[in-house]
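Novice: Kindly generate the corresponding structure for this input.
(2 chains)
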Amino acid sequence: MRPFNYLRAESPAHAAAQAATVDGARFIAGGTNLLDLMKLDIETPLHLIDVNGLGLDKIETTSQGGLKIGALVRNTDLAADSRVRRDYGLLSRALLAGASGQLRNMATTAGNLLQRTRCPYFYDTHQSCNKRKPGSGCAAIGGVSRQLGIIGVSDACIATHPSDMAVAMRVLDAQIETIKPDGSVRVIPIADFHRLPGNTPNIETALGAGELITAVTLPAPLGGTHIYQKVRDRASYAFALVSVAAVIQPDGNGRVALGGVAHKPWRVEAAEPSMPQGARAVAERLLAGATPTHENAFKITLVERTLASVMAQARVQA
Amino acid sequence: MLDEIRDGIPSHVSESLTDQPQLIAREFQERMSGNICRCGAYSNIIEAISEVAEVRA
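Specialist: As a prediction, this is how the structure comes out:
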């Protein structure tokens, strides 16, 4: 691992301002992803700016009847929060389906949104990867691609976003609050937060240089039945091949997003009016234009079947 | 781990997010996952946890 400087930020504004003034700065929160990547020489920051201890670890009720989740709230604490369990069950379910107890104890809300892909070619520094080294090519295309993306992919990258939490937040229309180096703040809808790879898969989010996530806000509860179903190669401690996050109302209408299929949580609002017609109608619209590899084409069938399972569970639970 | 279950904190395998989770092997396995050599199913450890859970129940 390369040497780096360490700075403990004094406030969110200080952290953002510092990140813009020093070269090669990265924020560090739980460190559950960044430290691994640094040890493997995939991330090589010169400065780490520690954003723990800035009071960003609270969950508060908003005046709109929603929840404001501090950027540093640990995954364990968010999943266990009684308001989240009661009103945003798919978020608790998604968090509990991810990683392991030890990782969830450290991993943070903002860090979870910002975690990097687990594409094996991103992790192997001997392989070409446009995300790790722009312009070097993509060894995953034509390589071992069973886990990788099937929709929204590009000729430069077929990686997926690995988060479970973000898929649930996409269904909930979460809003991401940030502070910029000049001290100004803004709100980014989660739909616009993660980017498709295009020709610049190294640019993964809408965040600008030095911009720090301070909170994630959830609108008022949607009601309905909340389900997060994750399909993976073993029953615990594995990333999703496919996951389905859904909120389904008693009349069969609802919202749905997919994990494990794209460079971002995959939601197509125009597919949702088809929900009362069943899984096939929704899956066809969700995955229209998909371009899987021969190794991951099974995900198209898997999405439809997982969605059918989720809809059947919702009927039982309603 | 037993305290976490007694505090009503659900896991991935809990049926309900709001009801009291059960002190059963399935819950112990899921909550141990990733802790001990990535293996949550060493049967003797499950037996030991079950024994302690009963003693303290």
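
Novice: Low-confidence ranges, chain B, go.
Specialist: Scanning chain B for pLDDT under 70 picks out B:36-41, B:55-57.

Novice: Give me every residue in it that's in contact range of chain A.
Specialist: On the criterion Cβ under 8 Å from any Cβ of the partner chain, chain A has as its neighbours in chain B the residues B:9-12, B:17-18, B:29-31, B:33-35, B:38, B:40. Where C-beta positions appear, they are placed from N, C-alpha and C, glycine not excepted.

Novice: and those, which are buried?
Specialist: In these, burial by neighbour count holds for B:9-12, B:17, B:29-31, B:33-34, B:40, counting by 16 or more other Cβ atoms under 10 Å in any protein chain shown.

Novice: The lengthiest helix in chain B packs against which elements?
Specialist: If each helix of chain B is counted by residues according to DSSP state H, the longest one is helix B:43-56. Helix B:43-56 makes packing contacts with helix B:2-6, helix B:25-32 when contacts are defined by 3 or more Cβ pairs under 8 Å, 6 or more residues apart in numbering or on different chains; DSSP states H and E.

Novice: related to what we said a few turns ago, narrow the residues of chain B next to chain A to those in strands?
Specialist: Restricting those to those inside strands, with DSSP state E as the criterion, leaves an empty set.

Novice: Taking those residues together, which two end up most distant?
Specialist: The largest separation in these, counting by Cβ to Cβ, is between B:18 and B:38 at 29.9 Å.

Novice: and residue A:254, bridged to which residues?
Specialist: Listed beta-bridge partners, residue A:254: residue A:248 (assigned using DSSP bridges).

Novice: Closest one to chain A out of the buried ones among the residues of chain B next to chain A, please.
Specialist: Nearest to chain A among these is residue B:34, at 2.3 Å by Cβ to the nearest Cβ.

Novice: how about that closest one, what does it touch?
Specialist: For residue B:34, the contacting residues are A:99-103, A:236-237, B:40, by Cβ atoms under 8 Å, 6 or more residues apart in numbering or on different chains.

Novice: 7 Å - rerun?
Specialist: Applying Cβ atoms under 7 Å, 6 or more residues apart in numbering or on different chains, one finds that residue B:34 lies in contact with A:100-103, A:237.

Novice: so who does the residue nearest to it when sequence neighbours are not counted touch?
Specialist: Computed as Cβ to Cβ, 6 or more residues apart in numbering or on different chains, the closest residue to residue B:34 that is not its neighbour in sequence is residue A:100, at 2.3 Å. Listed by Cβ under 7 Å, 6+ apart, the contact set of residue A:100 reads A:237, B:33-35.

Novice: re earlier: which one of the contacts of residue B:34 sits closest to chain B?
Specialist: Using Cβ to the nearest Cβ, residue A:100 comes nearest to chain B of the contacts of residue B:34, at 2.3 Å.

Novice: From chain B, how far out is the closest residue to residue A:124 other than its chain neighbours?
Specialist: Spatial nearest neighbour of residue A:124, chain neighbours left out: residue A:139 (8.0 Å); criterion: Cβ to Cβ, 6+ apart. Here residue A:139 is placed at a distance of 27 Å from chain B (Cβ to the nearest Cβ, to the nearest Å).
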